[in-house]
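turn this into a structure:
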Amino acid sequence: MQEALLSVINNEATNPANGNGNGNGHSQTPFFELIEEYDFPQPKRGDIIQGEILRIDDDVVFIDIGSKRDAMVPYQEVEQLDDSFLETLSTGDTVPVYVTRTPVGSEQLLVSLERGLQELDWERAAELKEEDTTIELKIVNYNKGGVVVEFNRIQGFVPNSHIPAIQNVYNHDKRTSYKSKQVGETINLKIIEIDPGRERFVLSAKAAQKEQRKERLNTLAVGDKLTGTIVNMKHYGAFVDIGDSIVGLLHISRMAWEHVDHPKDLFEVGDEVEVIIDKIDVEKEKISLNRKALQPSPWETFAERWASGDLLEGEVTAVVDFGAFIRLEEGIEGLLHRNEMNLPSDADPAEVLEEGDVILVRIVQIDVEQERLSLSTRRVTAAEEIEWMQVKREEEIEEDEIETPASETESDDNDAMLEAEPLEAEATEEEAAVE
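As a prediction, this is how the structure comes out:
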């Protein structure tokens, strides 16, 4: 305001007056008349104006906003402003203010410093939405529908459906527990809706995480070793969170070398698991994981314990024209070729073997790299087979004795006694007849 008045005064001082009768050639217009004559801009309610702080009192703040009158931040607002914020203000500072009341007559021109700063926040938020920028905000509260975040002097809302951790959780207690624990934590968000007039400010963690996932996926490569957390399980595999809300599939066939009926046989939700990446599709945001590749190969451990020439018991898993496949251990199958069977040249292997048979075989060759195992029954001697059959028979007898309850043994003894009683009675009658 002072600069505008000086401009008017200087203009009057450099233009001589006509017919004023004072003889000095200069205007003698009083200062207050110059003020009344000057066409000051008239602020309107709702205007956001940059002003200069003129004076800071205990209960009010006076600000020059370029109007005829100095604006005043009333004591009701000053009392509500944080002391730490007031301490940052000094005379001469430029601050944004929101016009709350234009004067009529002798009324004060009232402005709001808080609303002015809020409006700047709304403008900044609109810019961030336009730029599609990810921002990090603090969670300050929560309600049934989502969580409340703070963006300087305005608050935003993140709906449940835009919080990835609970978007598919429909249990009220679980949702509430999660949200209560997040208060005070920060979260990455994107602005998806903004309407200052309705004070509507909606944000999404899901949208922000999608961008983060893309960036993270671009940093990953096939063969990378990662540690993740199992978040869900299906009959065909387990879903593993490897960070940044990236969830990959650990297929049941990639869990272990041994056969797995269901993922729950190995894991529980919440378990940490070490995996490597098998496949990545950045566009579809799909990632395939492998745990089996990090486990010791059963072929390596088998080769450490057994060698060519060793005798082992195995189960027939399949019979084919050229021989039979024999499972010696979980994950270890070998080929018993027809040439290594005690079989006439024109006979069919199916004539002597069938699926499920347990037989004794000798290891001919182990190829760990190719995961191949050659077996033979032709090289098993008759004495070795007889000894093996005797041992198996003894084991079966021991198992039968263990499985037979004592009550059944007692019952058998009682039955024998009852069968003996009639024989004794018959012998007594014959003796009496002889006498």
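
contacting residues for I363?
306-312, 334, 373-375 (CB atoms under 8 Å, 6 or more residues apart in numbering). The way it works is simple: take the backbone N, C-alpha and C, and place the C-beta from them, glycine included.

same thing but at 10 Å, please
Contacts of I363 were listed using CB atoms under 10 Å, 6 or more residues apart in numbering, and they are 302, 306-312, 328, 334, 373-376, 379.

among those residues, which ones are in strands?
When the contacts of I363 are checked against strands (DSSP state E), the matches are 311-312, 328, 334, 373-376.

who does the helix or strand I139 falls within touch, helix- and strand-wise?
Of the helices and strands defined by DSSP states H and E, I139 is found in strand 134-143. Helices and strands in packing contact with strand 134-143 are listed as helix 113-131, strand 146-151, strand 154-159, helix 172-182, strand 186-195, helix 205-217; criterion 3 or more CB pairs under 10 Å, 6 or more residues apart in numbering; DSSP states H and E.

what strands line up against that strand, and which way round?
Under the criterion DSSP bridges, strand 134-143 sits next to strand 146-151 (antiparallel), strand 186-195 (antiparallel) in its sheet.

could you pick out the buried ones from the contacts of I363?
Neighbour-count burial (16 or more other CB atoms under 10 Å) is assigned, among the contacts of I363, to 302, 306, 311-312, 328, 334, 373-376.

returning to that earlier point: as JSON lines, the helices and strands packed on strand 134-143 with distance to V97 would be great.
Putting these into JSON lines (distance: least, CB to CB, whole Å) gives the following:
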{"stretch": "helix 113-131", "distance to V97": "4"}
{"stretch": "strand 146-151", "distance to V97": "20"}
{"stretch": "strand 154-159", "distance to V97": "16"}
{"stretch": "helix 172-182", "distance to V97": "35"}
{"stretch": "strand 186-195", "distance to V97": "22"}
{"stretch": "helix 205-217", "distance to V97": "33"}
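
highest average neighbour count across those?
Stretch with highest mean neighbour count among the helices and strands packed on strand 134-143: strand 146-151 (a mean of 20; mean count of other CB atoms under 10 Å).

run the angle between it and strand 154-159 for me.
For strand 146-151 against strand 154-159, the angle by axes from the mean of the first three to the mean of the last three CA atoms, to 10 degrees is 150 degrees.

could you give the number of residues near A324?
A324 has 27 neighbouring residues, counting by other CB atoms under 10 Å.

I326 now?
For I326, which is what you asked about, the neighbour count (other CB under 10 Å) is 25.

ok, L336 next?
L336 has 26 neighbours, counted by other CB under 10 Å.

do the same with K144
What K144 shows, counting by other CB under 10 Å, is a neighbour count of 9.

quick one: low-confidence ranges for the stretch 51-200 of the chain?
In the prediction, the stretch 51-200 of the chain carries no residues with pLDDT under 70.

V202 and V148 touch, don't they?
No - counting by CB atoms under 10 Å, V202 does not reach V148; the two are 11.3 Å apart.

residues that sit against both of those two, list them.
Shared contacts of V202 and V148, defined by CB under 10 Å, 6+ apart, comprise 156-158.

circling back to that earlier point, with respect to P43, which of the buried ones among the contacts of I363 is nearest?
Distance from P43 was checked for each of the buried ones among the contacts of I363 by CB to CB. The minimum falls on F302, at 88.2 Å.

out of the strands paired with strand 134-143, the one nearest N290 is which?
Among the strands paired with strand 134-143, strand 186-195 comes nearest to N290, with 29.5 Å by CB to CB.

the closest one vs helix 113-131, what angle?
An angle of 100 degrees separates the directions of strand 186-195 and helix 113-131 when computed by the same axes, to 10 degrees.

using PDB, write out every CA atom in strand 186-195.
Once side chains and other backbone atoms are set aside, the C-alpha atoms of strand 186-195 remain, and they are given as PDB (Å, rounded to 0.1, in the frame of the first residue of the first chain):
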ATOM      1  CA  THR A 186       4.000 -43.100   6.500                       C
ATOM      2  CA  ILE A 187       2.600 -44.500   3.300                       C
ATOM      3  CA  ASN A 188       3.300 -43.800  -0.400                       C
ATOM      4  CA  LEU A 189       0.300 -42.500  -2.200                       C
ATOM      5  CA  LYS A 190      -1.000 -41.000  -5.500                       C
ATOM      6  CA  ILE A 191      -3.800 -38.400  -5.600                       C
ATOM      7  CA  ILE A 192      -6.800 -39.700  -7.500                       C
ATOM      8  CA  GLU A 193      -9.400 -37.100  -6.700                       C
ATOM      9  CA  ILE A 194      -9.300 -33.500  -5.500                       C
ATOM     10  CA  ASP A 195     -12.200 -31.000  -5.000                       C
END
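
got the angle between that strand and helix 205-217?
Counting by the same axes, to 10 degrees, strand 186-195 lies at 130 degrees to helix 205-217.

how far off centre is strand 186-195?
19 Å (CA atoms, centre = their mean, to the nearest Å).
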